[in-house]
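**Student:** sequence? don't have it. structure:
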Ligand code: HEC
C-alpha cells in the first residue's frame, strides 16, 4: 500500500513535468508550422465551419490577456510589498491553453478570407504565435520543482516577457480591427505630439452633401437671387419696396404685390419681371445688369411650381432631367459678388459614362480607395489608407485619367515623390490633399500653387521648407494648412498669415 502511494507520488512529481514539457514543445512546433503548412487563404474553398470558429477569436483572446495580466500584477505586488502570491500551475495552464486556442481561432479567421496579408496582419499572426509559445514555456518552467530565489526571478522574467509580447500582439490586433490610431484618436493634441502623431485633423475639410440633400431654396434659389437681384432689393436699398434677402419678404413682395406665388411661377412677380422682353422698362434686372440666365430661371420656376417650400431638399421634389441639367450649371460657389456664398456645395453634375467606367476599371488596383463624392456627383475622392507604402509613383500614374475629377486625395504615408505631384496639375478641382509623411519636397509645391481650389493642404512630416511653402500664398481659397514637423520657420508662418488672414495654420505648437 505504502509503496504504491510512493510510486504514484514519484510519478506525479516527475511524470507531470515531463508530460507538460514534451506536449508543450510539440504544440509550439505545431503553432510555428501552421502558417507554413496551411498556404494562402482561399475564401471559396474554406468551409463555413472554419469561419464559425474563426469568429470566436475575439471572444477567446481576452482570457489569456486577463490571466497573464493578473499574474503579472500579482508578481509586481510581490516585488514591492510583502504580498506572497500562491499562483499554482493551473492558472498558467489555463492561460497558455487559451492562448493556443486564441491563436488557432485567429488563424482560422484569417483563413476564412476577407483579409489581405498585410504587414500588420503578419505581425499580428506571429505576435500571437510567439506569445502562445512564451506562455507554454512559462508553463513548462513552472511545472518543474523550482529553486527559491533564482527560479522566482526567472519566472518573473518569463511572465513579464510574455505580457510584453502579448501587449505587442494585441495592439496589432486592435489596429487591424479598429484602425491604427484607435487608442489615441481622441487624445489631446499635446499627448498625440509626445507620441509622435500629428494633431487631430478637422473632419469638415471636404463636406459631402449629396445633390439629393441640398435645400432648394437655401442652396440654390437664394444664392441666385443674391447674385442677380439682392444688391437693389435689400434692407438698405429696397427698390419698389421689395426686399429679396429673406424668404418671408421675397414671398410677400413689394408695391405691386406678391414676389412669389407658391405653386404658380407664372403669377410670381419675380418670374414675370425677369421674363419680360429685355427692352421692356420693367424687365429685371434693369438694363445695366447682366440678365438672369435661362438655367437659373428654370431652377427658380421649378422651385416655385413645386410649392416654394423654404426647407424642401432636391430629393423631396420631383426632379425632371432638364432641371437636373440646369442645377448642374449653377456655379454657385465661385461668384465672388455673392453675399451668401455656398462654399461647400459639392460638384453636382452627374458623372459621365466614361468616368464611371474609368473608376470601375481602377477599382481592382485601388480597392475601396477611389469613390464618387456622392451619388449625384462627378467629384472623386481618393484615399491611399489601405495601400500606404505600396503606392509609389508608378502605381499613382494609373490614376492619371481620373485626376481632373478629383476633389479630395489622401496620399499620406505613401511612397510617392514630386513626380506624382506633378501629375496633379490636372486636378484643377482638388479641394483637399494630404501629403503628410511622404518624400515630397519644395518642388511639389510649385504644382500645388497652381491648384486654385485647394482649401486644405496637409504637409505634416515632409521636407518642405520656407522657399516652397511661400508659393502657397497664391491659394486664396486655402483655409487650412498643416505644417507640423516640417522645416518651415516661424517667420514664414507669420508671413503666410499676413498674406492669407483667413488661413488656419496647424503647426502642432
Ligand atoms: C440695379 C438694381 C436692380 C436689380 C439688380 C434688380 N432690380 Fe428689381 N427693381 C429695381 C427698381 C429700381 C425697381 C422699382 C422700379 C420698377 O418697379 O420697375 C425694381 C422693382 C422690382 C420688382 C417690383 C417690385 C414691386 O412689387 O413693386 C420686382 C418683382 C423686381 N424688381 C424683381 C427683381 C428681380 C427678380 C431681380 C433679379 C433678377 C431684380 N429685381 C434685380 C432695381 C433692380
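**Tutor:** Received, thanks. This structure is a prediction, so every number in the text was calculated from the model and none was measured. Numbering: from 1, shown residues only.

**Student:** how does this protein divide into domains?
**Tutor:** Annotated domains of the chain cover 12-180, 211-329, 353-506 [automatic domain parsing].

**Student:** show the end-to-end separation of the second one, please.
**Tutor:** According to CA to CA, to the nearest Å, domain 211-329 extends 13 Å from its N-terminal end residue to its C-terminal end residue.

**Student:** and what of the last one?
**Tutor:** Between the opening and closing residues of domain 353-506 lies a distance of 40 Å (CA to CA).

**Student:** same question, stretch 102-119
**Tutor:** Terminal-residue distance, stretch 102-119 (CA to CA): 20 Å.

**Student:** what mean pLDDT does it get?
**Tutor:** Mean pLDDT, computed over stretch 102-119, is 81.

**Student:** got it, and stretch 136-147?
**Tutor:** Here stretch 136-147 scores 88 as its mean pLDDT.

**Student:** in the stretch 401-509 of the chain, which residue sits nearest the ligand?
**Tutor:** The stretch 401-509 of the chain approaches the ligand most closely through residue 476 (26.3 Å), counting by CB to the nearest ligand atom. Just so you know, the C-beta spots here come from the backbone N, C-alpha and C atoms, and that holds for glycine as well.

**Student:** so which bits of the stretch 151-300 of the chain are right by the ligand?
**Tutor:** Selection of the stretch 151-300 of the chain residues close to the ligand by CB under 6 Å from any ligand atom yields 228-229, 231-233, 239-240, 242, 253-256, 259, 269-270, 273-274, 282, 284-286, 289, 292.

**Student:** mind listing what's buried in the helix or strand bottoming out on mean pLDDT in the chain?
**Tutor:** Across the helices and strands of the chain, mean pLDDT, DSSP states H and E gives its lowest value to helix 189-194, namely a mean of 77. With burial defined by 16 or more other CB atoms under 10 Å, the residues of helix 189-194 counted as buried are 192, 193.

**Student:** next SSE after that helix?
**Tutor:** Once the chain leaves helix 189-194, the next helix or strand it forms, by DSSP states H and E, is helix 222-228.

**Student:** neighbours of the closest residue to residue 398 other than its chain neighbours, just the number please.
**Tutor:** Closest residue to residue 398 apart from its sequence neighbours, by CB to CB, 6 or more residues apart in numbering: residue 365 at 5.5 Å. Neighbourhood size, residue 365 [other CB atoms under 10 Å]: 13.

**Student:** do residue 47 as well
**Tutor:** 8.

**Student:** what segments of the stretch 401-509 of the chain are helices?
**Tutor:** Secondary structure of the stretch 401-509 of the chain (DSSP state H, counting those that start in this stretch): helices located at 418-423, 442-448, 466-469, 490-499.

**Student:** which residues does the second one contact?
**Tutor:** Yep, that's helix 442-448 we're talking about. By CB atoms under 8 Å, 6 or more residues apart in numbering, the residues outside helix 442-448 that reach it are 418, 421-422, 424-425, 433, 435, 454, 457, 463-465, 467-469, 471-472, 475.

**Student:** got it, and the third one?
**Tutor:** Contacts to helix 466-469, defined as CB under 8 Å, 6+ apart, come from residues 441-446, 459, 481, 483, 486-489, 491-492, 496.

**Student:** residue 189: which of those residues is nearest?
**Tutor:** Relative to residue 189, the closest of the contacts of helix 466-469 is residue 483; by CB to CB it sits at 14.4 Å.
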